[in-house]
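Visitor: structure of the sequence below:
(2 chains)
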Number of protein chains: 2
Amino acid sequence: MAGSFDADIAASTRVRLARNYADLPFPGRMSRVQAKKLNERVASRLGNREFTRLDMASLSPNERQVLVERHLASRELCERPEGMLLLSKDEKISIMVGEEDHLRIQCLLPGLQLEEADNLSRSVDAMLSVDGYAYDAQLGYLTACPTNVGTGMRASVMLHLVGLSSTGSMQSLLETVGKFGYTVRGFYGEGTQAAGDMVQISNQVTLGLSEEEIIRNLGEVVRSIVKKERSVREAMLKGDSGELTDRLNRSLGILKFARRMSSEEMMRRLSDVKLGLSIGLFEGMTAAELDKLATLGQPASIASTLTGSPSSAQRDEARAKLLRVGLKECKVF
Amino acid sequence: MAGSFDADIAASTRVRLARNYADLPFPGRMSRVQAKKLNERVASRLGNREFTRLDMASLSPNERQVLVERHLASRELCERPEGMLLLSKDEKISIMVGEEDHLRIQCLLPGLQLEEADNLSRSVDAMLSVDGYAYDAQLGYLTACPTNVGTGMRASVMLHLVGLSSTGSMQSLLETVGKFGYTVRGFYGEGTQAAGDMVQISNQVTLGLSEEEIIRNLGEVVRSIVKKERSVREAMLKGDSGELTDRLNRSLGILKFARRMSSEEMMRRLSDVKLGLSIGLFEGMTAAELDKLATLGQPASIASTLTGSPSSAQRDEARAKLLRVGLKECKVF
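Guide: Now for the predicted structure:
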């Protein structure tokens, strides 16, 4: 049931590079004219029809929120009047322009694919570096925030740790991980809760390590957590007196029949169904398909499918419908 | 959706006649020999292969409890060493012999069928009366308890009042009914709770009224309650902001997927599904079929399908399976 790239546990992998051009002040000090110049420069470099250009100022608040929910843009970018997002057609590459740094090159791949995401980010980086980055021979890439100086790289993996979470051993594991220089965050980044038992693990250190080392070390840590999570899941199933099986089946039944559902409940029940798929109780769908449903079911994404200003109840109804239809192929094994 | 005999609201109708033979002391004063004589007399009168004879002493405690759950025998009969039950093949007629009275002739029909149950009980009564009942020209049939003297008749209808229950108007209605001489009880008779919004309404008065009057008056009361319940259900559906529809659908989903279920939860969720069938949310099954599942899902009935002394968890698992399979044909409209 592991599937490719451990996708039943590792939902997605992201590599993000922070870059600034040497000939322009950092975004915090740019004039409007300079911000526009930056946008045009980046857009023209990638003007090969592979990227969609999204200027924050031309988007509605809900459209911007959809980008945040889909992990394509940060809240900070959305608030910048000159902020721009370049999004590849397959949505694997998103480049935030004019956020905290001139460039935030982000590559987002399903499952655990650190090397692949690293390679993809390098290829984009190479295209954009021709205009000359702010780079110090000793320090490396210069960034707005000192925590990014050096490689400018943040690599992260989103993990679905429902087993470790339910056996209460998540906290100690994550504290250990923290001691080794990794940051643990909830589903929507720093300061957010771990919705549906999803946690994001990323490197904290960007200075004094090469990109290869960051990727390799994070990969080792994540693979050991994935292994642990997998053994906990197996033990849960073996040790189940019937309660777990009942809970997971009920969650599937509720997702298939409910007419209203909050996003919080959705995350919790999808987490159950993903666990059920992973331990072989269910079949017919993949964890990645369920993750996609979770993304489409976020508040702004749901609102974008409705007209006017939908009420909370209307969103809950549209979400329930999305899930009923979306889970049609998910069957009890 | 009303179906025949208002079966979506009126689950079943019962007419019970209390009778005693003039030549034998009342059961409380019978010797063992007299009790045996009584049993043989009744069994031989009905010894036409249409009835199954069940002697309480030869049944296991669980087998006796199954009869109670199915409303075929009383707890009191089960506790009498010489107690006997004669049960017609279609289970519409059950005759308790040697309970509080010599005979308790019971006719149980689905839906609201007071006249039919009355006719059926008369035909059985006619067969058994040839041995001479204890009868007083002024008082009527003599019985062990003075509340049964007269017609010896108790007519009752089991009603599924989920609408009146959920709008909080049940209590006042039932108090009114009580003032007019009717008794309201829970699913398992006197002193029991109204499980799954099921209440039994029966005549209190047996003296000073003819059988026809009892049947006619109760029929009028029940039909007015059924009408009220039906209008409340329609109003609930019309006034539903989505919460009710969601609740009923979730209950169906849980019944179709759960792997463990208590009998209390079963009654509650089946009540929801019956309401859903009644107001047209679901299709493919009848209220009577759901009532049958509720009966088969009672603790002793479930235990009778398992070997040894099943634990509570094992019963809950067998019940959940019964419901999953049993509700297969129940679909969202």
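
Visitor: list the buried residues of the helix or strand where A:Leu173 lies.
Guide: Taking DSSP states H and E as the criterion, A:Leu173 maps to helix A:170-179. Within helix A:170-179, the residues scored as buried using 16 or more other CB atoms under 10 Å in any protein chain shown are A:170, A:173-174, A:177. For the C-beta atoms, the positions are set from N, CA and C on the backbone; glycine is no exception.

Visitor: only C-alpha atoms, please: export whichever helix or strand comes after it in PDB.
Guide: Counting by DSSP H and E, the next helix or strand C-terminal to helix A:170-179 is strand A:182-185. Extracted in PDB, the C-alpha atoms of strand A:182-185 (Å, rounded to 0.1, in the frame of the first residue of the first chain):
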ATOM      1  CA  TYR A 182      14.800  20.600  11.700                       C
ATOM      2  CA  THR A 183      11.700  22.700  12.100                       C
ATOM      3  CA  VAL A 184       8.300  21.100  12.500                       C
ATOM      4  CA  ARG A 185       5.200  23.100  11.500                       C
END
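
Visitor: in the helix ranked longest in chain A, what's buried?
Guide: Determined from DSSP state H, the single longest helix within chain A is helix A:211-238. By neighbour count on 16+ other CB under 10 Å, the buried set for helix A:211-238 is A:211, A:214-215, A:217-219, A:221-222, A:225-226, A:228-230, A:232-233, A:236-237.

Visitor: stretch A:256-271 too?
Guide: Applying 16+ other CB under 10 Å to stretch A:256-271 flags A:256-261, A:263, A:265-267, A:269-271 as buried.

Visitor: quick one: mean pLDDT over the longest helix of chain A.
Guide: The average of the pLDDT scores along helix A:211-238 is 93.

Visitor: counting contacts, what elements does it pack onto?
Guide: Here helix A:211-238 touches strand A:10-19, helix A:114-128, strand A:153-160, helix A:162-166, helix A:170-179, strand A:198-203, going by 3 or more CB pairs under 8 Å, 6 or more residues apart in numbering or on different chains; DSSP states H and E.

Visitor: is any residue of the helix or strand following that helix near chain B?
Guide: Moving toward the C-terminus from helix A:211-238, the next helix or strand (DSSP H and E) is helix A:243-257. Yes: Helix A:243-257 reaches chain B (CB under 8 Å from any CB of the partner chain) through A:243, A:245-246, A:249-250, A:252-257.

Visitor: contacts for helix A:243-257 next, please.
Guide: Residues outside helix A:243-257 that contact it (CB atoms under 8 Å, 6 or more residues apart in numbering or on different chains): A:236-237, A:261, A:266, A:268-270, A:272-273, A:275-276, A:281-282, A:323-324, A:327-328, A:330, A:332, B:249-250, B:252-260, B:320, B:332.

Visitor: let's see 6 Å
Guide: Contacts to helix A:243-257, defined as CB atoms under 6 Å, 6 or more residues apart in numbering or on different chains, come from residues A:236, A:269, A:272-273, A:276, A:281, A:323-324, A:327, B:249-250, B:252-254, B:256-260.

Visitor: and it, what's buried?
Guide: For helix A:243-257, the neighbour count (16+ other CB under 10 Å) marks A:244-257 as buried.

Visitor: check stretch A:326-333 too.
Guide: Result for stretch A:326-333 [16+ other CB under 10 Å]: buried residues A:326-327, A:330, A:332.

Visitor: run the chain-centre distance for that stretch.
Guide: Mean-position distance between stretch A:326-333 and its chain equals 25 Å (CA atoms, centre = their mean, to the nearest Å).

Visitor: report the rounded mean pLDDT for the helix holding A:Leu173.
Guide: Mean per-residue pLDDT for helix A:170-179: 81.

Visitor: same question, stretch A:52-63
Guide: Averaging the model's pLDDT scores along stretch A:52-63 yields 95.
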